[in-house]
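1. Pasted the sequence and its predicted model underneath.
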Amino acid sequence: MVNCAADFKQHPQVINGCSELFRDLWGEDLGVGVRSAVGMGSLPGDVTVEIEGAFQV
């Protein structure tokens, strides 16, 4: 989730940073997964981005 103004349209580009970090940490086979990128008018604690992940260990 991306905390943004109503006219902001580049949510996927913001979330790309997280996807690229996971890929760099765990490689193409394990670090690249599915994702959603949506805009929100506000997030708890006025955070900029909220990322949720599910990992199998």
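-> Good, I have the coordinates.
2. Kindly list the single helix or strand of this structure that scores lowest on mean pLDDT.
-> helix 11-31 (a mean of 90; mean pLDDT, DSSP states H and E).
3. by contact count, what packs against that one?
-> strand 2-3 (3 or more CB pairs under 8 Å, 6 or more residues apart in numbering; DSSP states H and E). Where you see a C-beta, it was placed from the backbone N, CA and C, and this is true even at glycine.
4. Now do the contacts for Arg23.
-> Applying CB atoms under 8 Å, 6 or more residues apart in numbering to Arg23 gives the contacts Gly31, Val32.
5. in stretch 14-32, what counts as buried?
-> Val14, Ile15, Ser19, Phe22 (16 or more other CB atoms under 10 Å).
6. Enumerate every residue touching the first one.
-> Which is Val14. Val2, Ala37, Val49.
7. Wait, the first one touches Val38, no?
-> Yes. Shown here, Val2 and Val38 form a contact pair, counting by CB atoms under 8 Å, at 7.1 Å.
8. The two: who's more crowded?
-> Neighbour tally, Val2 and Val38, criterion other CB atoms under 10 Å: the higher count belongs to Val2, 18 against 10.
9. what do Val2 and Val38 both touch?
-> With CB under 8 Å, 6+ apart, Val2 and Val38 have common neighbours His11.
10. Enumerate every residue touching Ser42.
-> Asn3.
11. mind redoing it with 10 Å?
-> Ser42 is in contact with Asn3, Cys4, counting by CB atoms under 10 Å, 6 or more residues apart in numbering.
12. swap in Asp29?
-> Asp29 touches Arg23, counting by CB under 10 Å, 6+ apart.
13. Same question for Arg35.
-> Pro12, Ile15, Asn16, Cys18, Ser19, Phe22, Ile51, Glu52, Gly53.
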